[in-house]
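>>> Below are the sequence and a predicted model; questions follow.
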Amino acid sequence: MSTTLLARPAVSVAGLRKTFGTRTVLDGIDLTVTEGTVFALLGPNGAGKTTMVRILATLLAADGGSVRVAGHDLVREADAVRAAIGLTGQFAAVDKLLTVRENLRLMADLNRLGRAGGRRRVDHLIQRFDLAESAAKPVSLLSGGQQRRVDLAMTLVGSPRLIFLDEPTTGLDPRSRVEMWRIVRELVADGVTVFLTTQYLEEADQLADRIAVLDHGRIVAEGTPDELKRRIPGGHLVLRFAEPGALRTAASVLNVTHSDESALTLQVPSDGGVADLRAVLATLDGVHVTPDHLTVHTPDLDDVFFAFTGGPASTGTDEETR
């Protein structure tokens, strides 16, 4: 995850609305994405995540609200928005009959980089994405992870400062997914802003500076991963003691929710924060008891997703329905 000294917005959304027929997909969305950060939008299938990305990327018109992307009004300055952004969808948008280098050269031509400038940019991206050994191969011969790297490299040919990654690791094996995470971190370290939609909650937890949860067309929760987890009840400490006397003494002064005398452990409610840990240890110090071992158990993003959307996260793709 990244940090930023300037709080300038890369995306500002106010009152965004979109309907398809009688179905409201986005119902008055407000959100801000800060430059140089990763913003993750989570939600169940059909929640409106891809619709949101398509609107922000000028591919779909909104029915209401105001949006600024990369400092430009989405409606009045659509061309400027398109020049500032890159988009990688759920599935690799490359020509599989062309080689890696040919795909990148095609994108360089579309971005009007010129012959020399385009060649330099293509060579740079081939090296950056570790595609040198595959550069002369048709994309159809590459693995899924390599194809996604090519797709992202194509997105970066025009040097966008804001990238929309819509389910970027769908269908990838764990190794390829971790590799994609590394690339995203490097992009943000270079100052690129990433707007990420995903249903892999570990992915959001690993990458995102802020997360918004979208459900039934509304943002139902927003914050840093740690802030969202702290909003979910169920966090606790497990304290293990060396002998039964210490266990019983600790149990007499703590708010214990579960005691296991055979394992010499106590479970105590806690948000996992430093202040909470200090308070528990200070209480035990007051009765001259020290735990032999302490473990912090906090809710994860699966718990967050379930709490705010009413169901477990799906690991399928997010094809929006109309």
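Perfect, I can see it now. Numbers count the residues shown, from 1 in each chain.
>>> Tell me the helices and strands packed up against the longest helix along the chain.
In the chain, taking DSSP state H as the definition, the longest helix is helix 174-189. Under the contact definition 3 or more Cβ pairs under 8 Å, 6 or more residues apart in numbering; DSSP states H and E, helix 174-189 sits against helix 144-155, strand 193-197, helix 201-207. C-beta coordinates here come from the backbone N, C-alpha and C atoms, glycine included.
>>> Show me how far the last one is from its chain's centre.
A distance of 5 Å separates the C-alpha centroid of helix 201-207 from that of its chain, computed with Cα atoms, centre = their mean, to the nearest Å.
>>> what's downstream of it, the next helix or strand?
Using DSSP states H and E, the next helix or strand after helix 201-207 towards the C-terminus is strand 210-215.
>>> winner for burial among the helices and strands packed on helix 174-189?
strand 193-197 (a mean of 25; mean count of other Cβ atoms under 10 Å).
>>> List the pairing partners of that one within its sheet, with orientation.
With DSSP bridges as the test, strand 193-197 is paired with strand 38-42 (parallel), strand 162-166 (parallel).
>>> tell me the most buried of those?
Highest mean neighbour count of the strands paired with strand 193-197: strand 38-42, a mean of 27 (counted as mean count of other Cβ under 10 Å).
>>> tell me the contacts of the residue lying closest to Asp63 once chain neighbours are set aside?
Distances taken as Cβ to Cβ, 6 or more residues apart in numbering place Arg17 nearest to Asp63, at 4.9 Å, with adjacent residues excluded. By Cβ atoms under 8 Å, 6 or more residues apart in numbering, the contact set of Arg17 is Thr24, Leu26, Asp27, Gly28, Ile29, Ala62, Asp63, Gly64, Gly65.
>>> how does it look with 10 Å?
Thr24, Val25, Leu26, Asp27, Gly28, Ile29, Ile55, Ala62, Asp63, Gly64, Gly65, Gly217 (Cβ atoms under 10 Å, 6 or more residues apart in numbering).
>>> so where is the stretch 1-150 of the chain shaky, pLDDT-wise?
Applying pLDDT under 70 to the stretch 1-150 of the chain flags the ranges 1-7, 90-92.
>>> same question, the stretch 201-322 of the chain
Filtered on pLDDT under 70, the stretch 201-322 of the chain yields the residue ranges 311-322.
>>> So which residues of it form strands?
Counting by DSSP state E, counting those that start in this stretch, the segments of the stretch 201-322 of the chain that form strands are 210-215, 218-223, 236-240, 258-260, 265-269, 293-297.
>>> Sheet-wise, list the partners of the fourth one with their directions.
This means strand 258-260. Sheet pairing of strand 258-260 (DSSP bridges) gives strand 265-269 (antiparallel).
>>> Would you mind giving the secondary structure of the residue nearest to Asp63?
The three-state assignment at Arg17 reads strand, by DSSP: H, G, I helix; E, B strand; the rest coil.
>>> So what sits opposite it in the bridge?
Asp27, Gly64.
>>> The chain should start at 211 in everything you say after this.
Sure, I'll start numbering at 211, so the last one becomes Arg227.
>>> Sweet, I'm off.
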